[in-house]
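A.B. asks: Let me see the structure of the following:
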Amino acid sequence: MFGMHAIRLHAFGPADNLRYEEVPDPVPAEDQVRIAVEASGVHLIDTAIRRGTALGPFPLPDLPMVPGREVAGAVEAVGAGVDPRWVGRRVVAHLGAASGGYAERAVASVDALHEIPNNVGAEAAVAMIGTGRTALAILDVAALVPDDVVLVTAAAGGLGSLLIQAARNAGAVAVGVAGGPEKTERLRALGATAPVDYLAPDWPDRVRAALGERAVSVVLDGVGGPLGRGALDLLGAGGRLVLFGWSSGEPTALTAWDLIARGLTATALGRPRSLRTLETRALEEAAAGSLVPLIGQRFPLARAAAAHTAIEQRATVGKTLLVP
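C.D. replies: As a prediction, this is how the structure comes out:
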């Protein structure tokens, strides 16, 4: 019996391979709940999975599959061993790399659930459960102080916009680097001291001009490639580089001589020991208003392919969502 709609991937490849289909309602197994999904997160990693790109040591999922890592909504059913008082509660959960979030209903382990704070919406909760926890892991490594000048690459994205806010909250100078005037204006609204358009060939000179005699002391880089290298070259003596990905397709080029010549330190973000603790903290930051996720485009569930295309074309700002 068919009970809901979901996005299914039958073959790895282009965005058009994402199919909007009728499927049976998922049945929560032991220690699971079923969530009536209000919002699902769309992530750059989702596009890599769809293309069939391996995620480091993690194997690709078996096909057909329903993508999606982050969901928020109300619990509507519970499996064996789950307290029935969960039914009706508004929750958010991170489901893993490819675990059924692009759907009208999704199942999650009860251990993955977080009750959504009363003053946090479903969309914000989705943004914080994955992107928010990553931001806090980066910030724990970066250890920002008021004297810092922090440069964030891809600063208008869901993750970058949180890092800009955190730099501002720390009392640091926030340099946001993003592509295009619309994105740099978003950064200005978020409180970036120096929003800079990296599509301008002389963008590093524009950063230097904006900072005057000050030098960048921290680079938070998830882009890599030439942009990451340009950001690294802006680091002053004793600066800190925190690497957390390479959305450009290649890591920031870095040699031992870069570190030795200027006394730099470089740290690559590893897997935190307690993701759940980071998730809890992220939701608390949202509830307190300390970190407000930038919600970008909302796509109907049926248009998941368009959401993937927008992300791959770098046409999005903030967190991209699917709304059933």
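
A.B. asks: residue ranges with poor pLDDT in the stretch 51-200 of the chain?
C.D. replies: Screening the stretch 51-200 of the chain residue by residue with the criterion pLDDT under 70, one finds the ranges 54-58, 97-98.

A.B. asks: try 90
C.D. replies: Regions of the stretch 51-200 of the chain meeting the criterion pLDDT under 90 cover residues 53-61, 96-99, 182, 186, 189-191.

A.B. asks: could you pull out the strands for it?
C.D. replies: Secondary structure of the stretch 51-200 of the chain (DSSP state E, counting those that start in this stretch): strands at 70-78, 90-94, 105-109, 113-115, 149-152, 173-178, 194-197.

A.B. asks: Would you mark the buried spots in the shortest one?
C.D. replies: In other words, strand 113-115. When burial is assessed from 16 or more other C-beta atoms under 10 Å, strand 113-115 yields the following buried residues: 113, 114. For glycine as for every other residue, the C-beta is placed from the backbone atoms N, C-alpha and C.

A.B. asks: Other residues contacting it?
C.D. replies: In this structure, residues lying in contact with strand 113-115 by C-beta atoms under 8 Å, 6 or more residues apart in numbering are 33, 75, 86, 89-93, 125, 129, 279-280, 283.

A.B. asks: Which of those residues are buried? Put it as a ChimeraX command.
C.D. replies: In ChimeraX, the members of the contacts of strand 113-115 classed as buried (16+ other C-beta under 10 Å) are selected with the following command:
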select :33,75,86,90,91,92,93,125,129,279,283
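
A.B. asks: want to throw the contacts of strand 113-115 into TSV with distance to residue 23?
C.D. replies: Supplementary listing: those in TSV, determined by distance: C-beta to C-beta, whole Å:
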residue	distance to residue 23
33	18
75	20
86	23
89	25
90	24
91	22
92	23
93	20
125	25
129	24
279	28
280	32
283	30
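
A.B. asks: quick one: which of the contacts of strand 113-115 is nearest residue 67?
C.D. replies: Distances from those to residue 67 were compared by C-beta to C-beta; the smallest belongs to residue 93, at 15.2 Å.

A.B. asks: what's the closest one in contact with, if anything?
C.D. replies: Residues in contact with residue 93 (C-beta under 8 Å, 6+ apart) are 35, 70, 71, 72, 108, 109, 112, 113, 114, 129.

A.B. asks: Please repeat the previous calculation with a cut-off of 10 Å.
C.D. replies: The contact partners of residue 93, by C-beta atoms under 10 Å, 6 or more residues apart in numbering, come to 33, 35, 69-73, 75, 99, 101, 106-114, 125-126, 129, 279.

A.B. asks: Can you show me the helices along the stretch 1-150 of the chain?
C.D. replies: With DSSP state H, counting those that start in this stretch applied, the stretch 1-150 of the chain shows helices at 44-51, 122-127, 133-142, listed in chain order.

A.B. asks: Need the winner for burial among these.
C.D. replies: The highest mean neighbour count among these, using mean count of other C-beta atoms under 10 Å, belongs to helix 122-127: a mean of 27.

A.B. asks: Mind giving me the packing neighbours of that helix?
C.D. replies: Counting by 3 or more C-beta pairs under 10 Å, 6 or more residues apart in numbering; DSSP states H and E, the packing neighbours recorded for helix 122-127 are strand 32-42, strand 70-78, strand 90-94, helix 158-169, helix 275-288, strand 295-300, strand 319-323.

A.B. asks: rerun that using 6 Å as the cut-off
C.D. replies: Contacts of helix 122-127 with other secondary structure elements, assessed using 3 or more C-beta pairs under 6 Å, 6 or more residues apart in numbering; DSSP states H and E, are made with strand 32-42, strand 70-78.

A.B. asks: Which of those strands sits closest to residue 257?
C.D. replies: Taking C-beta to C-beta as the measure, these were each checked against residue 257, and strand 32-42 came out nearest at 39.5 Å.

A.B. asks: Which strands and helices lie in contact with that closest one?
C.D. replies: Under the contact criterion of 3+ C-beta pairs under 6 Å, 6+ apart, strand 32-42 touches strand 70-78, strand 105-109, helix 122-127, strand 319-323.

A.B. asks: related to what we said a few turns ago, how about the strands of the stretch 51-200 of the chain in JSON lines, adding distance to residue 166?
C.D. replies: JSON lines is the format used below for these (distance: least, C-beta to C-beta, whole Å):
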{"stretch": "strand 70-78", "distance to residue 166": "20"}
{"stretch": "strand 90-94", "distance to residue 166": "20"}
{"stretch": "strand 105-109", "distance to residue 166": "28"}
{"stretch": "strand 113-115", "distance to residue 166": "20"}
{"stretch": "strand 149-152", "distance to residue 166": "9"}
{"stretch": "strand 173-178", "distance to residue 166": "9"}
{"stretch": "strand 194-197", "distance to residue 166": "16"}
